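Engineer: Sharing a sequence plus its predicted fold:
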Amino acid sequence: MARSGKLNIYQGQMSAYALAEKVYVPGEGVNLETATSIATLLLRDLSRGWTYDHDGRKIPMTERLFTRRLFYLYPLALKHYGKEEAQKVRDMLLAVFASRKIPSMYARLVNLEGENKDKVIRELMTKRILPMVVPQNVHDNKAKATVW
């Protein structure tokens, strides 16, 4: 949702991602599931070399910006869900930062919504950002991904 007149980049139906690409991370606040989902889109942005700013404009995705956005998820998790959840988020972030992909142990947590969700998930698998996954229930638009 909009914050101080600025768009959230990855999370929510009115995020920059939702408006421009018709895919977004659902929910409010940052926990392990939303952090993993946002990290997935951050990796996508890094691989293609561009992202969005808080005004919805395309900007370069640099290593520096990727790192800043990735590790900013930790203080958000701490603020929204407390120390225990934030520690889980931190562990995931370190694994993602080191491998530049979503480790299979976290892939089940990736939750994207929007009309281009399936297309983006296929792209993420092709780029090996996500391991090979299949929706738990292909008829459920809110289904999460499950590792094969």
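Structural biologist: Yep, it's here.

Engineer: all helices for this structure, in order.
Structural biologist: Secondary structure of the chain (DSSP state H): helices at 16-21, 32-48, 63-81, 83-99, 104-107, 117-126.

Engineer: Comparing the ones you listed, which comes out most buried?
Structural biologist: helix 32-48 (a mean of 22; mean count of other CB atoms under 10 Å). Backbone N, C-alpha and C define where each C-beta goes, glycine included.

Engineer: Show me what that one is packed up against.
Structural biologist: Packing partners of helix 32-48 (3 or more CB pairs under 8 Å, 6 or more residues apart in numbering; DSSP states H and E): helix 63-81, helix 83-99, helix 117-126.

Engineer: closest to residue 57 out of those?
Structural biologist: Judged by CB to CB, the one of the helices and strands packed on helix 32-48 that comes nearest to residue 57 is helix 63-81, at 13.6 Å.

Engineer: circling back to that earlier point, may I see the helices of the chain arranged in a markdown table, with distance to residue 8 and mean pLDDT as well?
Structural biologist: Formatted as a markdown table, the helices of the chain follow (distance: least, CB to CB, whole Å; pLDDT from 0 to 100):
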| stretch | distance to residue 8 | mean pLDDT |
| --- | --- | --- |
| helix 16-21 | 7 | 96 |
| helix 32-48 | 10 | 98 |
| helix 63-81 | 11 | 98 |
| helix 83-99 | 17 | 98 |
| helix 104-107 | 22 | 93 |
| helix 117-126 | 17 | 95 |
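
Engineer: And for the closest residue to residue 36 other than its chain neighbours, the neighbour number?
Structural biologist: Computed as CB to CB, 6 or more residues apart in numbering, the closest residue to residue 36 that is not its neighbour in sequence is residue 109, at 4.2 Å. The local packing of residue 109 (other CB atoms under 10 Å) involves 19 other residues.
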